[in-house]
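Undergrad: sharing a model prediction with you, sequence too.
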Amino acid sequence: MNLIGATAYLSRKPVKVVGLERAELESLIIAWSVESLLDYEGEGKYAVLEAWEAVVPEGVALGKEAHRTGELKQLKENHISVADVIRNMNLP
């Protein structure tokens with residue numbers, strides 16, 4: 001999966017990922033998205049989860065675990081920086 005090159009807009013931008021390997025970054029982005037999506041009350045969330053799981057299963061598992069534990073919500077409530085969240089997440 002190539003999130004940065006996935007759209008014409010992003011592929012033209014001078015985006016440089018530093019500190020995480022591409023697979024780790026994709027897993028982290030998917031995990032945060034999954035954690036948020038699991039609170040969504042609308043239709044279709046399970047179809048989205050299945051699609052993501054087929055491509056980035058580690059990220060979906062990480063997001064489900066973060067949702068189960070409430071860890072990300074707690075970090076947000078404590079105003080923890082994104083950099084600190086990344087350092088403390090158990091990336092695959």
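TA: Arrived safely. Residues are numbered from 1 along each chain as shown.

Undergrad: what helices or strands is the helix or strand where residue 58 lies leaning on?
TA: In this structure, residue 58 is located in helix 57-69 according to DSSP states H and E. The contact analysis (3 or more C-beta pairs under 8 Å, 6 or more residues apart in numbering; DSSP states H and E) places helix 57-69 against helix 22-37, helix 45-55. Every residue, glycine included, has its C-beta placed from N, CA and C.

Undergrad: helix 22-37 and that helix, what's the angle between them?
TA: Put simply, helix 57-69 runs at 40 degrees to helix 22-37, going by axes from the mean of the first three to the mean of the last three C-alpha atoms, to 10 degrees.

Undergrad: pull helix 57-69 out as CSV, backbone CA atoms only.
TA: Presented in CSV, the C-alpha positions along helix 57-69 are these (Å, rounded to 0.1, in the frame of the first residue of the first chain):
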residue,chain,number,x,y,z
PRO,A,57,-3.7,-6.5,8.8
GLU,A,58,-1.2,-5.3,11.4
GLY,A,59,-2.6,-1.8,11.4
VAL,A,60,-6.2,-3.1,11.8
ALA,A,61,-5.1,-5.3,14.7
LEU,A,62,-3.3,-2.4,16.3
GLY,A,63,-6.3,-0.1,15.9
LYS,A,64,-8.7,-2.7,17.3
GLU,A,65,-6.4,-3.2,20.3
ALA,A,66,-6.1,0.6,20.8
HIS,A,67,-9.9,0.8,20.7
ARG,A,68,-10.3,-2.0,23.2
THR,A,69,-7.9,-0.5,25.7
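
Undergrad: now that helix: buried residues?
TA: Of all the residues in helix 57-69, those buried under the rule 16 or more other C-beta atoms under 10 Å are 58-64, 66-67.

Undergrad: among the helices and strands packed on helix 57-69, single out whichever gets nearest to residue 83.
TA: Residue 83 lies closest, by C-beta to C-beta, to one member of the helices and strands packed on helix 57-69: helix 22-37, at 12.0 Å.

Undergrad: gap between the two ends of stretch 71-87?
TA: Length of stretch 71-87, first residue to last, C-alpha to C-alpha, to the nearest Å: 13 Å.

Undergrad: distance from it to the middle of the chain?
TA: Relative to its parent chain, stretch 71-87 has a centroid offset of 13 Å by C-alpha atoms, centre = their mean, to the nearest Å.
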